[in-house]
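**Student:** I would like to see how this sequence folds:
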Amino acid sequence: MAFLPMGILFGAAHALTPGHSRAVLATYLAGSEAKVERGLLVSLTLSFTHVTIAVLISVLSLPLVSIALGSVGRAPLLEDISRGLLGLVGASMVWRALRQRHHQNTRAR
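**Tutor:** Here you go, the predicted model:
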């Protein structure tokens, strides 16, 4: 119960970060004369800032969580497997994007 107020505070701060204004962004882009490229750039910028802030919050709160909870509930093998799977998913996504770009370039010729 002691961590509940902290969770509410972090959740409220998280909801105020740039990535959560998608409805405002969609309304702005729909009502403006912005081209598709501009919309993609704005969307990518918001996504990047959202992920960056989430990572910063996680990294900066890690010492506090480590002090409060210690190593309770850790499963090093499961954590390593999870990291490996995330790496594989990321590598797969990069590979598919590069391959798709290569196919589009060869079709344009």
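**Student:** element containing the residue nearest the centre of the chain?
**Tutor:** The chain has residue 51 as the residue nearest its centroid, 3.2 Å off, counting by CA atoms, centre = their mean. Using DSSP states H and E, the element containing residue 51 is helix 36-69.
**Student:** can you point out the buried residues in stretch 50-68?
**Tutor:** Residues of stretch 50-68 classed as buried: 50, 53 (neighbour count, 16 or more other CB atoms under 10 Å). Using the backbone N, CA and C atoms, a C-beta is placed for each residue, glycine as well.
**Student:** what average pLDDT does it get?
**Tutor:** Over the span of stretch 50-68, the pLDDT mean works out to 78.
**Student:** that older thread, quick one: the residue nearest to the centre of the chain and residue 57, what's the gap?
**Tutor:** According to CB to CB, to the nearest Å, residue 51 stands 11 Å off from residue 57.
**Student:** mind giving me the domain ranges of this structure?
**Tutor:** 1-73, 75-109 (automatic domain parsing).
**Student:** of those, which stretch is the most buried?
**Tutor:** Mean neighbour counts were compared across the domains of the chain using mean count of other CB atoms under 10 Å; the top stretch is domain 1-73, at a mean of 11.
**Student:** how far does it sit from the chain's center?
**Tutor:** Between the centre of domain 1-73 and the centre of its chain there are 8 Å (CA atoms, centre = their mean, to the nearest Å).
**Student:** over to stretch 87-104?
**Tutor:** Centroid separation between stretch 87-104 and its chain, computed with CA atoms, centre = their mean, is 18 Å.
**Student:** kindly export that stretch (C-alpha atoms) in PDB.
**Tutor:** Below are the C-alpha coordinates for stretch 87-104, written out as PDB (Å, rounded to 0.1, in the frame of the first residue of the first chain):
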ATOM      1  CA  GLY A  87      17.000  -8.300 -29.300                       C
ATOM      2  CA  LEU A  88      15.800 -10.900 -31.900                       C
ATOM      3  CA  VAL A  89      12.500  -9.100 -32.400                       C
ATOM      4  CA  GLY A  90      14.300  -5.800 -32.900                       C
ATOM      5  CA  ALA A  91      16.800  -7.300 -35.300                       C
ATOM      6  CA  SER A  92      14.000  -9.000 -37.300                       C
ATOM      7  CA  MET A  93      12.200  -5.600 -37.600                       C
ATOM      8  CA  VAL A  94      15.300  -3.900 -38.800                       C
ATOM      9  CA  TRP A  95      16.000  -6.700 -41.300                       C
ATOM     10  CA  ARG A  96      12.400  -6.500 -42.700                       C
ATOM     11  CA  ALA A  97      12.600  -2.700 -43.000                       C
ATOM     12  CA  LEU A  98      15.900  -2.900 -44.800                       C
ATOM     13  CA  ARG A  99      14.700  -5.700 -47.100                       C
ATOM     14  CA  GLN A 100      11.500  -3.800 -47.900                       C
ATOM     15  CA  ARG A 101      13.400  -0.700 -48.700                       C
ATOM     16  CA  HIS A 102      15.700  -2.700 -51.000                       C
ATOM     17  CA  HIS A 103      12.700  -4.200 -52.800                       C
ATOM     18  CA  GLN A 104      11.100  -0.700 -53.300                       C
END
